[in-house]
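Colleague: Sequence plus the predicted model coming up.
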Protein chains: 2
Amino acid sequence: MDYMQKAINEGFKGMRANEGGPFGAVIVKKTQSKTKGVETKIIAVAHNTVLKTNDPTAHAEINAIRKATKKLKRFDLSDCEIYSTCEPCPMCLAAIEWARIKKLYYGCTRADADKIGFSDKVIYDEIKFFPKTKHLKVIQVDREKAKALFLEWENKKNKKMY
Amino acid sequence: MDYMQKAINEGFKGMRANEGGPFGAVIVKKTQSKTKGVETKIIAVAHNTVLKTNDPTAHAEINAIRKATKKLKRFDLSDCEIYSTCEPCPMCLAAIEWARIKKLYYGCTRADADKIGFSDKVIYDEIKFFPKTKHLKVIQVDREKAKALFLEWENKKNKKMY
C-alpha cells in the first residue's frame, strides 16, 4: 500500500472539513516473523485538527502518535514508522523522537510550508537561538527550588523511566 | 502568588502519583485594564502524564497548553505567560511558540534533566542535525504529490489561518 498517498488523502479530508491545515500522517507497525517475513500494518491515520479542537498541538503527526500509543497501549513506538505529508515542525519532530519511532518519510519541506503561511521555519530558527528567541521572552528563575523535583525523582524507588 | 512554586508543587503531585516524570507547568493570563491595572489569573496547572496516559507528548507544558486553550476556547495564548519547572524540550518549546505565548519562566536546565535520565539534550541535538539524525532515519518522498495539498490550501476560500 502507498502509505504516503494515504497520508495525503487524510490531509485533504481534514482540510476540506475545515478541521485544520493541509497536513496528514500515517503510522505503520513493522513485524518480523520467520514464517511471514516483514509485515506492515497501519496503526494510526490522522490529520491536523488545530481549528476543530483549538489545540495548537493537534498537528497531524502528534495526533497520529496519540492515536497509535493509545491503540498499542504503550508510549514506545520503536517498531513503527511514520509517513508525514510535510517535513515535521520541531514540535512534531521531537514528539517522533520521544515516541522512539525509527523511520520518518516526509513529502513537502519546511520552506514549502512557509510559502503557504505556516511558521515551521520560523520556529526552527527560534529553537536554534534559544534562549535568545525573537518571539518569546525567556527568563530563568528558581533553579535551585525546582531541582528539588529532580532530587526526589533520582531517589524514587521502582520508578518507570520513559 | 508564586507561580513557579505552584508549578513545582504540581510536579511533585504528578511524580508521587506515578503519572509521569518530575515536571510541572502553570499558564497565567495577563489582563490590562484602566481601573485595575495588570491582573494576572491562573488559567491552567498541569504535570507530566506520560506514564498515566502512555502518550509520549503528555509533557507538563503540552498538557497546560491543551488545558488553557480548551478553557479559553482559542488556540492563541498571546496574552498568556508560562511557568515551567524545567527548560522546555524542543517539542514543548515549539508548542509554546505555536500557542503564541509571549513569556516563558523556567527553573532547571536541559543539562539538569539529562543528568536524571531525560533525553531533552539529545533531542535538541537531533533537531540541530536534522535530517542527519542519529536516532531517526529520515527519507524524503513524493514531494510533488504532497504539494497538491498546499496548492489546494492556497486556493481555498474563507480559510482560517493559525
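Modeller: All right, it came through fine.
Colleague: If we ignore the residues flanking it in sequence, what's nearest the residue nearest the centre of chain A?
Modeller: In chain A, the centroid-proximal residue (CA atoms, centre = their mean) is residue A:92; its distance is 3.1 Å. Nearest residue to residue A:92, sequence neighbours excluded (CB to CB, 6 or more residues apart in numbering or on different chains): residue A:61, at 3.8 Å. Any C-beta I mention is one placed from the backbone N, CA and C, and that applies to glycine too.
Colleague: Check residue A:66 too.
Modeller: Per CB to CB, 6+ apart, closest to residue A:66 is residue B:55, 5.5 Å.
Colleague: Please apply the same query to residue A:103.
Modeller: In space, residue A:103 comes closest to residue A:81 once its chain neighbours are excluded; the distance is 4.2 Å by CB to CB, 6+ apart.
Colleague: residue contacts, the one you found?
Modeller: Contact analysis of residue A:81 by CB atoms under 8 Å, 6 or more residues apart in numbering or on different chains lists A:27, A:28, A:30, A:101, A:102, A:103, A:104, A:105.
Colleague: element containing residue A:149?
Modeller: helix A:143-155 (DSSP states H and E).
Colleague: which helices and strands does that helix pack with?
Modeller: Counting by 3 or more CB pairs under 8 Å, 6 or more residues apart in numbering or on different chains; DSSP states H and E, the packing neighbours recorded for helix A:143-155 are helix B:3-16, strand B:80-86, strand B:103-108, helix B:110-115.
Colleague: any chance of the ones you listed in a markdown table, plus mean pLDDT?
Modeller: As requested, those are exported to a markdown table (pLDDT from 0 to 100):
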| stretch | mean pLDDT |
| --- | --- |
| helix B:3-16 | 98 |
| strand B:80-86 | 98 |
| strand B:103-108 | 98 |
| helix B:110-115 | 94 |
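Colleague: from those, which stretch is densest packed?
Modeller: The highest average neighbour count among the helices and strands packed on helix A:143-155, using mean count of other CB atoms under 10 Å in any protein chain shown, belongs to strand B:80-86 at a mean of 28.
Colleague: Could I have the CA atoms of the helix or strand bottoming out on mean pLDDT in chain A written out in PDB?
Modeller: Least confident helix or strand of chain A, by mean pLDDT, DSSP states H and E, is helix A:120-129 with a mean of 91. Presented in PDB, the C-alpha positions along helix A:120-129 are these (Å, rounded to 0.1, in the frame of the first residue of the first chain):
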ATOM      1  CA  ASP A 120       7.600  25.900  10.800                       C
ATOM      2  CA  LYS A 121      10.800  27.600   9.500                       C
ATOM      3  CA  VAL A 122      10.500  30.500  12.000                       C
ATOM      4  CA  ILE A 123      10.100  28.100  14.900                       C
ATOM      5  CA  TYR A 124      13.200  26.100  13.800                       C
ATOM      6  CA  ASP A 125      15.100  29.300  13.900                       C
ATOM      7  CA  GLU A 126      13.700  30.200  17.400                       C
ATOM      8  CA  ILE A 127      14.900  26.800  18.700                       C
ATOM      9  CA  LYS A 128      18.300  27.400  17.200                       C
ATOM     10  CA  PHE A 129      18.700  30.700  19.000                       C
END
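Colleague: I'd like to know how many residues surround the residue nearest to residue A:92.
Modeller: By other CB atoms under 10 Å in any protein chain shown, the residues close to residue A:61 number 32.
Colleague: What mean pLDDT does the helix or strand hosting it get?
Modeller: Secondary structure assigned from DSSP H and E places residue A:61 in helix A:60-72. Here helix A:60-72 scores 98 as its mean pLDDT.
Colleague: circling back to that earlier point, quick check: the residue nearest to the centre of chain A touching residue A:64?
Modeller: No: using CB atoms under 8 Å, residue A:92 makes no contact with residue A:64, being 9.3 Å away.
Colleague: The residue nearest to residue A:66 in helix, strand or coil?
Modeller: coil (DSSP: H, G, I helix; E, B strand; the rest coil).
Colleague: give the contact list for it.
Modeller: Residues near residue B:55 by CB under 8 Å, 6+ apart: A:65, A:66, A:69, A:70, A:75, B:49.
Colleague: and the closest residue to the last one other than its chain neighbours, what element?
Modeller: If you skip the residues right next to it in sequence, residue B:49 has residue B:58 as its closest partner in space, 4.4 Å away by CB to CB, 6+ apart. If you go by DSSP H and E, residue B:58 is not part of any helix or strand.
Colleague: does the residue sitting furthest away from the middle of chain A count as helix, strand or coil?
Modeller: Distance from the C-alpha centroid of chain A peaks at residue A:35, with 32.9 Å (CA atoms, centre = their mean). Here residue A:35 is recorded as coil under three-state DSSP.
Colleague: Could you look up the SS state of the residue lying closest to residue A:90 once chain neighbours are set aside?
Modeller: Among residues not flanking residue A:90 along the chain, residue B:94 sits closest, at 4.2 Å (CB to CB, 6+ apart). Counting by three-state DSSP, the backbone at residue B:94 sits in helix.
Colleague: contacts for stretch A:141-159?
Modeller: B:4-5, B:8, B:11-12, B:15, B:18, B:21-24, B:85-86, B:105-109, B:112-113, B:115-116.
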